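A.B. asks: Attaching a predicted model along with its sequence, questions to come.
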Amino acid sequence: MQSFIVLICLFIAVEHIAFMILEMFLWTKPIGRKIFANSAKQAEKTKVLAANQGLYNGFIAAGIIWGLFHPDTFTWKEILLFFTLCASVAGIYGGLTAKRTILYIQGFPAIIASATIAYNIW
C-alpha cells in the first residue's frame, strides 16, 4: 500500500509542477492559450492571476515532495494527507466553478490519494 501512496503522490506532484509551469510561464504562449482556450488578449489580461494560481500549484507540489522525503514514517503520511486534501479541494472547486475536466484531472487522483493515506493512518 505504501508503494501505491508514493506512486500516486509522485503523479500528483508532477501534475502540479506541470500546472505551475503552464500557468506561470506558458499562459500567454500558444501552447498555454490552446490548453486553456484563451485568446491572446484574454491570456495577456489574466496572466498575473494565472501566475498566482500557478504559484499555489507549485506549493502543493513542494509540500507533496517534502512529505515523500520526510524521514518519519508517521509524519510523512500526515504531510501527504494535508497536501493531497488541498489538491482535492482545489480540484473539486475548479471542477464545479471553472471546468469539469479539472475535477477528473486534478481532483480524482488527489481524492484517491487522500482516502488511501487516511485509511493507512487510522
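C.D. replies: Happy to help now that I have it. Numbers count the residues shown, from 1 in each chain.
A.B. asks: so where's this protein uncertain?
C.D. replies: When the per-residue scores of the chain are filtered using pLDDT under 70, no range remains.
A.B. asks: remind me, longest helix of it?
C.D. replies: Longest helix in the chain, counting residues (DSSP state H): helix 40-69.
A.B. asks: and that helix, what does it pack onto?
C.D. replies: helix 2-25, helix 30-36, helix 73-97 (3 or more C-beta pairs under 8 Å, 6 or more residues apart in numbering; DSSP states H and E). For glycine as for every other residue, the C-beta is placed from the backbone atoms N, C-alpha and C.
A.B. asks: Residue 64 and residue 56: what is the separation?
C.D. replies: Separation of residue 64 from residue 56 (C-beta to C-beta, to the nearest Å): 13 Å.
A.B. asks: Revised request: answer the last question for residue 120.
C.D. replies: From residue 120 to residue 56 the distance is 26 Å (C-beta to C-beta).
A.B. asks: With residue 13 instead?
C.D. replies: 14 Å.
A.B. asks: Can you tell me the centre-most residue of this protein?
C.D. replies: Per C-alpha atoms, centre = their mean, the C-alpha nearest to the average position across the chain is that of residue 16, at 3.8 Å.
A.B. asks: Sweet, I'm off.
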